[in-house]
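>>> Sequence plus predicted model, see below.
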Amino acid sequence: MEKIVFKKETMNNRLPETLYAVESHRGGIYFDDVDLSVDDDYLCSADDPYYCETCGDSDWPLGPIDTPLEMLALLVERDDWREDIREMSDKDISDCLVRFIDDGGDEIVVEKKDFNDALQALIAYRESEKQNSGG
């Protein structure tokens, strides 16, 4: 996966390939370029592609990600352990984004200079999702 920098002007551009978000059983989120979705019946079994032989647990596939905005929204939601970005205040979104930036990462980056663009795109995304859901 190539490095992704979140900027407002590219926030809704399609990624070169669909990425699949996966929640690690050891904590955190990672992105895979192969869809390894599994049936719930296979979770924590040898047939589960995310099965960990060391501890017997599994990672959990969350679904496809097609744009940087979808990726950033998922990371912010998971970072704050809230179910729905639509319910978050602007301050909560900003705080999550700050934590995400400060944590850093090898492949997915929000640069300091792009912070306000990413924040504004997330806030606009949340507002459009509220309108789409009739809220």
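That came through, no problem. Numbers count the residues shown, from 1 in each chain.
>>> List the residues that contact residue 18.
Remark: with contacts taken as Cβ atoms under 8 Å, 6 or more residues apart in numbering, residue 18 is in contact with 33, 35, 64, 65, 66. C-betas here are computed from N, CA, C, even on glycine.
>>> Have a look at this structure and report its longest helix.
Of all the elements of type helix in the chain, the one with the most residues (DSSP state H) is helix 115-132.
>>> Can you show me the strands along the chain?
4-5, 19-23, 29-32, 60-65, 108-109 (DSSP state E).
>>> To residue 128, which of these lies closest?
Nearest to residue 128 among these is strand 60-65 (17.5 Å), distances taken as Cβ to Cβ.
>>> Give me the helices and strands touching the helix-or-strand element of the chain with minimal mean pLDDT, please.
Across the helices and strands of the chain, mean pLDDT, DSSP states H and E gives its lowest value to strand 108-109, namely a mean of 73. Other elements packing on strand 108-109 under the criterion 3 or more Cβ pairs under 8 Å, 6 or more residues apart in numbering; DSSP states H and E are strand 4-5.
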